[in-house]
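Trainee: sequence and predicted structure are below.
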Amino acid sequence: MQNSSSNGQVRDRLRLAVPSDGVMYEGTLDFLSASGMRVRRPNPRGYTGEMRALRGVEIVFQRNSDITARVEEGDADLGLVGFDNFAETRIDDGDALVVIEALGYGHCELVTAVPDSWVDVESMADLADLSIDFQESGRELRIATKYPVLTRRFLHQHDVNYFTLKRLSGAVELTPAIGYADFIVDLTASGQTLSENHLKRVADGTVLESEGALIANRRMLREHPERLETAREIIERIEASQSASTYSRLTANIEGESEQAVAAKVLELPEASGISGPTISPVYSRDGRQVYSITVSIPKRDLTAAVDHLRSIGGASVSVSDAVYLFREESNIYARLLDALGLS
């Protein structure tokens, strides 16, 4: 399957793996739609979908926990996955690499949480001392988690050296209450589930901050230029959409002697000058006045200041719209990918 379509033929289209269910499913589809790459899933239980915006893309739905492995093995060229999953299951020096670590959705943290009744445990140093106490009494701390690799590494980094990990796939937060584990390392978004199960976060016990990430198989992209080109289109759209989300486009009509004179007025306030300066064009008014339409794209944080300035220089009917895409001179993310592939 690694380099073939379902009928055994070598595939030309890029295969993108996306979560098939769970908390990442809706977030991923919403993210792709907002980036102008809506995914259609004809059968809610099916494993394939389509992306009409990019005909060179084949969508495959996979469990979030399997996506990193599918990309690592080359069954998929790209994958959208929680960064926590990638960090836990990646293979050192393998073919899977992170293209974009933080896509802006699916935010959560992998945290260390202990029972509320442990009033003397507030920090990882306290847990390190407790692990020694347990070891001297002839037992080890029992820790329930879905993330044994990340958990073991984190505990050792904080001198918690005597413990037993219990890997689970179900409800980890229940285990201290039923006596299966002493404490847990698990994902949380709001902390509500921890609180409901009488658990508290350890102050410096955050193992990892996670959100949706874009990963790729370096070998597949290096060996198949047509898939690499499709990957570039996906990366460019994501990057341009994320850049546009922080900008607004302002348009106003301003009376003036010339385009240069109007531009000079606009440029008096740096926050209103836009990315590279205003775009100005004449308005052919019915009464013969010299009016010019100006358009600037500005960071949303400067919106009020820019609108006030345009008003102060005679701006009429200032309209504001959100940009859909904001493409830079080149894609920095794609340039980094080429460097990682040894193709720059």
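Mentor: Received, thanks.
Trainee: contacts, neighbours, all on C-alpha from now
Mentor: Will do.
Trainee: any regions of this structure where pLDDT drops low?
Mentor: Scanning the chain for pLDDT under 70 picks out 1-10.
Trainee: what about the longest helix in the protein?
Mentor: Across the chain, the longest stretch assigned as helix under DSSP state H is helix 225-244.
Trainee: contacts for that helix, please.
Mentor: 12-14, 34-36, 54, 56-57, 77-78, 220-222, 322-328, 331, 333-334 (CA atoms under 8 Å, 6 or more residues apart in numbering).
Trainee: are any of those buried, and which?
Mentor: Buried members of the contacts of helix 225-244, scored by 16 or more other CA atoms under 10 Å, are 12-14, 35-36, 56-57, 77-78, 220-222, 323-326, 331, 333-334.
Trainee: check the offset of the longest helix of the chain from the chain's centre.
Mentor: Computed by CA atoms, centre = their mean, to the nearest Å, the chain-centroid distance of helix 225-244 equals 14 Å.
Trainee: direction included, what does the helix or strand following it pair up with?
Mentor: Per DSSP states H and E, the first helix or strand lying C-terminal to helix 225-244 is strand 247-255. Strand pairing for strand 247-255, using DSSP bridges, gives strand 290-299 (antiparallel), strand 316-322 (antiparallel).
Trainee: pull the longest one out as CSV, backbone CA atoms only.
Mentor: Meaning strand 290-299. Taking Å, rounded to 0.1, in the frame of the first residue of the first chain, the C-alpha atoms of strand 290-299 are listed here in CSV:
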residue,chain,number,x,y,z
GLN,A,290,-11.0,64.8,-7.0
VAL,A,291,-11.7,61.7,-4.8
TYR,A,292,-9.4,58.7,-4.4
SER,A,293,-10.2,55.3,-3.1
ILE,A,294,-7.5,53.9,-0.7
THR,A,295,-7.1,50.4,0.4
VAL,A,296,-4.7,49.2,3.1
SER,A,297,-4.2,45.8,4.9
ILE,A,298,-3.3,46.3,8.5
PRO,A,299,-2.9,44.2,11.6
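Trainee: so the residue positioned nearest the centre of the chain: helix, strand or coil?
Mentor: The centroid of the chain falls nearest to Leu103 when counting by CA atoms, centre = their mean (1.6 Å). Under the three-state scheme (DSSP: H, G, I helix; E, B strand; the rest coil), Leu103 adopts coil.
Trainee: now do the strands in the stretch 1-150 of the chain.
Mentor: According to DSSP state E, counting those that start in this stretch, the stretch 1-150 of the chain carries its strands in the segments 14-19, 48-50, 57-62, 78-82, 96-100, 108-115, 141-145.
Trainee: go through these and pick out the most buried.
Mentor: strand 78-82 (a mean of 29; mean count of other CA atoms under 10 Å).
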